[in-house]
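[1] Based on what follows, work out the 3D shape:
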Amino acid sequence: MRTLLQVFFHLLYHPFAFTYDLVAAVVSFGHWQEWILEVVPFITGTRTLEIGHGPGHLHRFLLRRGWTAVAMDESAPMTRLARRNALRADKKSPTLNTPLNITRGLAQALPFRDGAFDTILATFPAEYITDPRTLSEVRRCLSDGGRFVVLPAALPQNRFLAWLFRVTGQAPTDAVQIIRQKIGESLLQSEYDVKIHMLERKSGTLIIVVATKK
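    Below is the predicted model of the structure:
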């Protein structure tokens, strides 16, 4: 199953990147774009880096707030998709025309100077997010007291999912425990102060990890 998921996400992020918005909308029951904006209140400072910018929606939002926002993704198709989405958005709202500030690169080898950012963000990231090299690089690029804000998962409010949780004997708190173990413990070992927030929204429960550089 893990191998199948890895293959699926590779296809989604690369040759089938053009379907990303549609797939994300389907699995989130139409709430994906509003969910990613839930990380914004946890941002500190104005210098931000988004790792894995995907279609670029969060990046455009941060730029339009006037922040010094940079976005990075490993996938060339995702970079092209983000640029196409920006062009479509600019045609709809010409007064909001904002040039993107995106680059390609790996989270395990960030091409930025030490302490370059106040906040580094990742929404619905793949497994690279718990790679010790990623956590080390993020820490290096954060300013003292800077934050690493991760939205790893969301649990939609949906009758089918509620039924599935009952049938399997699981609960949303199980997902929190898994994230606490996989992401929280990795961050603690990498010298961060970690807090896990559960946001209850009408559309679902969002799990946001806030790791502060010691």
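
[2] Parallel or antiparallel, list what pairs with the longest strand seen in the chain.
    The residue-count maximum for a strand in the chain (DSSP state E) belongs to strand 142-156. When pairing is defined by DSSP bridges, strand 142-156 lines up against strand 117-123 (parallel), strand 204-213 (antiparallel).

[3] Can I get those in TSV including mean pLDDT?
    Below are the strands paired with strand 142-156 laid out as TSV (pLDDT from 0 to 100):
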stretch	mean pLDDT
strand 117-123	97
strand 204-213	91
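
[4] Most tightly packed of those strands?
    strand 117-123 (a mean of 25; mean count of other C-beta atoms under 10 Å). C-beta here means a position set from N, CA and C on the backbone, and glycine is covered the same way.

[5] what's the distance between it and the middle of its chain?
    Offset of strand 117-123 from its chain centre (C-alpha atoms, centre = their mean, to the nearest Å): 9 Å.

[6] wait, what's in contact with the residue nearest the centre of the chain?
    In the chain, the C-alpha nearest the mean C-alpha coordinate belongs to Thr123, at 1.2 Å (C-alpha atoms, centre = their mean). Counting by C-beta atoms under 8 Å, 6 or more residues apart in numbering, Thr123 touches 35-36, 39, 50, 52, 54, 58, 150-151.

[7] Among those, which are located in helices?
    Of the contacts of Thr123, the ones assigned to helices by DSSP state H are 35-36, 58.

[8] Can I get those residues in CSV including neighbour count and pLDDT?
    Below are the ones in helices among the contacts of Thr123 laid out as CSV (neighbours: other C-beta atoms under 10 Å; pLDDT from 0 to 100):
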residue, neighbour count, pLDDT
Trp35, 21, 91
Ile36, 23, 93
Leu58, 22, 95
